[in-house]
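Trainee: Dropping a prediction and its sequence here:
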Amino acid sequence: MNDSWPVAELDAVRRLRVIARTTPGAGFAEHLLAAPFDRVWGLASDLEDQLPRLITDISSFTVTSAAGERLEARARSPLGMRARFDIVLRPGWCLMQSRFVVGGMAAVPEGHGTRFAFFGGLRLPGIGVADRALRPLMAPLAARVLGRLCDQLEP
């Protein structure tokens, strides 16, 4: 390889956008928030407290183990369903997956604010066939998560 080989690096929000667009049936939303990165990410990365506030299908979220940036957690729905999640959590980046659900959050400083993104989708056999029908249904759900985060950041 030579020194003139092109390099394309993506920030966390762009990486999450790529993952969301290549995940069948996923919803994705991003927004420029008028709050500093440390405040936004400090709130969003508090998974045990914030995921039940941001996602109405989660009534509790408990981290059960942590080894560096790798976490395991248990989620419970309001109907009592449970799921185990594998998580990668680092500043500005969170990617989570269970047997049937995948999701993530990303944040990068932008100007005086923070660009924040959220995505979520289902991991089901044959979901790729329903991708075109599911995306328009999932996008408003992702946007609601962003709206709930914005509500918490308002003074």
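Mentor: Sure thing, it's come through.
Trainee: Roughly how far does A66 sit from L89?
Mentor: Distance, A66 to L89, by CB to CB, to the nearest Å: 8 Å. Glycine gets a C-beta too; all of them are placed from N, C-alpha and C.
Trainee: between the two, who's got more neighbours?
Mentor: Per other CB atoms under 10 Å, whichever of A66 and L89 has more neighbours is L89, with 19 against 12.
Trainee: name the element the more buried one belongs to?
Mentor: Using DSSP states H and E, L89 sits in strand 82-90.
Trainee: now the closest residue to S98 other than its chain neighbours, which residues is it bridged with?
Mentor: Excluding its sequence neighbours, the residue lying closest to S98 (CB to CB, 6 or more residues apart in numbering) is A83, at 4.0 Å. Assessed by DSSP bridges, A83 has beta-bridge partners A75.
Trainee: got it, and G27?
Mentor: Here G27, judged by DSSP bridges, has bridge partners G120.
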